[in-house]
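Colleague: 3D, please:
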Amino acid sequence: MTIGIDIDDTITNSTQKVKEYLEKYDSDYGNQLLNNLEEIIRGFLIDDMTKKFFNDFAETMGNEIEVKENAREVIDKLRSEGNRIIIVTARSNNFYKDAQKFCEEYLKRNNINYDKLITSQTYKIECCRNENIDLMIDDAIDTVENLNKEGIKSILFNSDINKSKETNVKRVNDWLEVYYYIHNL
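Modeller: Now for the predicted structure:
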């Protein structure tokens, strides 16, 4: 099976780190950033101050974000069982000097093993089709719902910004649930 995996709030705990930076620097950017947490996490930067904040701190925050518990172990186990792992992220050169290199270095430093990395994928349907991804794991409700509509199986990794939103897509809370789900498909 070919498994696609998002980075932010799927492999990593991104929202917590971004929120920490927003709380620390919001006053420097017009005291409006905390109201835009979800847009910032999703990369939909709605105004100049939000763009400036993200340009100023994207790489710093990205380097400090912690990997979720059991992510590396479950990904390694899935690979050892013959699954192909493709990391598919919306991270792009819009906010990173070289998103591909930045992500490669982050994943290597955190011992996340994979077969292929694809950056700059805000809308992931075409990428999933081109790579023959059988299952996509992501934290963005619109992404997983659209993938499911297109016949690409997907599961939603719960995060602080999606827990309260309704969806019919299968949700998981942690990487052990991901592993269990995959083995019971």
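Colleague: now Val178. Its backbone dihedrals?
Modeller: Phi and psi for Val178, reported as degrees, to the nearest 10, are phi -60, psi -50.
Colleague: quick one: it and Val74 touch, right?
Modeller: Yes. Taking contacts as C-beta atoms under 8 Å, Val178 lies within contact range of Val74: 6.0 Å. Where C-beta positions appear, they are placed from N, C-alpha and C, glycine not excepted.
Colleague: neighbour count winner among the two?
Modeller: A side-by-side neighbour count of Val178 and Val74, using other C-beta atoms under 10 Å, places Val178 first with 24 against 20.
Colleague: which residue sits closest to the more buried one, ignoring its sequence neighbours?
Modeller: Val172 (5.2 Å; C-beta to C-beta, 6 or more residues apart in numbering).
Colleague: which residues touch the longest helix anywhere in the chain?
Modeller: Taking DSSP state H as the assignment, the helix of the chain that covers the most residues is helix 48-64. Applying C-beta atoms under 8 Å, 6 or more residues apart in numbering, the contact partners of helix 48-64 are 14, 17-18, 21-22, 25, 29-30, 32-33, 36, 39-40, 43, 45, 91, 95-97, 102, 106.
Colleague: can you rerun that using 6 Å?
Modeller: Here helix 48-64 makes contact (C-beta atoms under 6 Å, 6 or more residues apart in numbering) with Lys17, Val18, Tyr21, Tyr29, Gly30, Leu33, Asn36, Leu45, Phe95, Tyr96.
Colleague: mind listing what's buried in the next helix or strand after it?
Modeller: Next helix or strand after helix 48-64 toward the C-terminus (DSSP states H and E): helix 71-80. Buried residues in helix 71-80, counted by 16 or more other C-beta atoms under 10 Å: Ala71, Arg72, Val74, Ile75, Leu78.
Colleague: what do you get for stretch 124-133?
Modeller: Lys124, Ile125, Cys127, Cys128, Glu131, Ile133.
Colleague: which two among those residues are spaced furthest apart?
Modeller: Ile125 and Glu131 (11.2 Å; C-beta to C-beta).
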